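Student: Just need the structure, nothing else, for what follows:
(one chain, ligands or ions: 1)
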Amino acid sequence: MLKVENLTGGYSSTPIIKDVSFKVEKGTMLGILGPNGCGKSTLLKLISGIITPTTGSVFIDQVNQNHYSAKELAKKMTVLPQLHGSSFSNTVRDTVSIGRYPHQKGFFSSWSNTDEEAVVGAMNQTGVTPFEHIFIENLSGGERQRVFIAQALAQKSDLLLLDEPTNHLDIAHQQQLLDMIRKEVVDQGLTVVSVFHDINLASLYCDRILLMDSGVVRAFGEPHEVLLEGDIMDVYHAKVASHAHPVQPKPQITLLPEIQNDGINNKVTINNIKKCNEYVMLKTDFPLRVLSSAVHNAGLGWYSILLNRTVQQNYHIEQVKEEYLQYIMNEGLSPTNTVGMMTAVDTQDAVIKSYDASFGTVFVIVTAGVGNAIDVSKAYTRDDQQYIGTINTWIIINGNLSDEAFVQGMMTATEAKTKALQHEKVYDTISNTIATGTPTDSLLIAATQQGKLMQYAGPITEVGKVIGRGVFEAISEAIQNSRKGE
Ligand SMILES: Nc1ncnc2c1ncn2[C@@H]1O[C@H](COP(=O)(O)OP(=O)(O)OP(=O)(O)O)[C@@H](O)[C@H]1O
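Tutor: Numbering: from 1, shown residues only. Okay, here's the model as predicted:
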């Protein structure tokens, strides 16, 4: 659809854009990214013919752009520049109608049903119909932006060039606008080239990204190929981290503020842990990074309250999420700052152990009951219902773990748990083999994220050794305690 070949050009003899080449297939969306002044808008101006390239060519549907008449080009391609102060005082409807200009034989002398439908459709799509008789200077920046988008859509060309289309829009309108453009791309085969300042929006909505740096192409490809932490830091001179979007398979970039270590002396001590017959609670006045399989707020996040609560053996598990949330609120705790687990074991029997390591103290806190113990390798032979977890393990680390270390720590802890069950000769009573856990065990690792980064937490690392020993000893002791009570 669009082919840019060795394009060089700018505003004077010194080129802003230098030897830029790329292709955009029909029915796809390209996002142009790059720091302020790198030449994104200039590139759009060269593609649209607003400025003439010094060398190189732009092909639209295999035809060189300079072979099209102005009107033919306007039918092929719509350009929406950055929001500008309009010198005309027009109503919204009149402004959108200007988009139909390339389709007129004489200026507005041949207004057809198609023109009318295009204008009404574009106003509806962008949600500006309620303002259709209002003068655009009386609209907010965001409303005005949507009017110009409507004008561009009314033009009904195959190629849309947009310069920061979400500028001035709140998040709901950013989403509506980009969802709408994406729908046109997928359903109608519209081709879009758009400049973005928001890297994450570009990642979410674009098929390909062109990353520019000082007028040249730094990278071109799918978002996961282009939005690399190192390249983004290098090009934008900003400190960032890349992570996966929670739902879409697209990378997202987060700024890392310089002021990160304002709580350098944050430490978890035994005084942060409270054990009573209703629960075990750990409460800090700073957030811990937590990875867990808890009932409430599972996964990876930052929390300062950890709760392992006792419930009756016959607890109705069907409404567990709603019931747990209610419990947290009734206790006056913050639902967004609390990770919650449950156990049918008496929490007075919880084992709390601490281990000093060179990086800081590690606490291992376990509640264990093994009445439902199971051999995971034989689990396929049985058909259990879900019930409340019986070995709940917390590992609280005064240290700084990488993501790898969090996951490896979970593995190390699970291996240590299995070993403890073997050591305590806990049997799966159905298969009559040594059990490896219970059907709904829960595991949590929390870290203060201070001090030297620990990249790994496997069994030969210092932190892994502490986890292995601590989990083994705490679970073994908790099993012995639970047997005493039987
Ligand atoms: N009309 C102009 N005449 C001369 N120089 C210009 C003109 N417009 C832009 N420039 C210069 O060209 C360079 C690239 O500008 P351009 O607007 O293309 O960058 P951009 O990447 O779109 O920036 P931003 O992210 O700030 O919008 C800048 O150094 C700018 O000062």
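
Student: how's this protein carved up into domains?
Tutor: What automatic domain parsing lists as the domains of the chain is 2-255, 270-485.

Student: Enumerate every residue touching the residue in the stretch 351-486 of the chain that the ligand sits nearest to.
Tutor: Nearest residue of the stretch 351-486 of the chain to the ligand: residue 403, at 32.2 Å (C-beta to the nearest ligand atom). In this view, the C-beta of every residue, glycine as well, is placed from N, C-alpha and C. Counting by C-beta atoms under 8 Å, 6 or more residues apart in numbering, residue 403 makes contact with residue 300.

Student: Repeat the analysis, applying 6 Å as the threshold.
Tutor: Applying C-beta atoms under 6 Å, 6 or more residues apart in numbering to residue 403 gives no contacts.

Student: what does residue 464 give?
Tutor: Here residue 464 is in contact with 412, 457-458 (C-beta under 6 Å, 6+ apart).

Student: I'd like to know how far the residue nearest the centre of the chain sits from residue 197.
Tutor: Geometric centre of the chain, nearest residue: residue 245, 2.6 Å, by C-alpha atoms, centre = their mean. Between residue 245 and residue 197 the computed distance is 18 Å (C-beta to C-beta, to the nearest Å).

Student: Then residue 243?
Tutor: 20 Å.

Student: any weak-confidence spans in the stretch 1-150 of the chain?
Tutor: Applying pLDDT under 70 to the stretch 1-150 of the chain picks out residues 83-88, 106-109.

Student: Spell out which parts of it neighbour the ligand.
Tutor: Within the stretch 1-150 of the chain, the positions adjacent to the ligand are 11, 16, 34, 36-42 by C-beta under 6 Å from any ligand atom.

Student: Go through those residues and flag which are in helices.
Tutor: When DSSP state H defines the helices, the subset of those inside them is 40-42.

Student: Convert the C-alpha atoms of the lengthiest helix in the chain to CSV, please.
Tutor: As assigned by DSSP H, the longest helix anywhere in the chain is helix 462-485. What follows is helix 462-485 as a C-alpha-only set of coordinates in CSV (Å, rounded to 0.1, in the frame of the first residue of the first chain):
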residue,chain,number,x,y,z
GLU,A,462,22.7,-18.0,49.1
VAL,A,463,19.0,-17.0,49.1
GLY,A,464,18.1,-20.4,47.6
LYS,A,465,19.9,-22.3,50.3
VAL,A,466,18.0,-20.3,53.0
ILE,A,467,14.7,-20.9,51.2
GLY,A,468,15.5,-24.7,50.9
ARG,A,469,16.5,-25.1,54.5
GLY,A,470,13.8,-22.8,55.9
VAL,A,471,10.9,-24.2,54.0
PHE,A,472,12.0,-27.8,54.8
GLU,A,473,12.4,-27.1,58.5
ALA,A,474,9.3,-25.0,58.9
ILE,A,475,7.0,-27.4,57.0
SER,A,476,8.5,-30.4,58.9
GLU,A,477,7.9,-28.8,62.2
ALA,A,478,4.4,-27.7,61.2
ILE,A,479,3.5,-31.3,60.2
GLN,A,480,4.9,-32.5,63.5
ASN,A,481,2.7,-29.9,65.3
SER,A,482,-0.4,-30.9,63.4
ARG,A,483,0.2,-34.6,64.3
LYS,A,484,0.5,-33.7,68.0
GLY,A,485,-2.9,-32.1,67.8
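
Student: Off-centre distance for that helix?
Tutor: Computed by C-alpha atoms, centre = their mean, to the nearest Å, the chain-centroid distance of helix 462-485 equals 36 Å.
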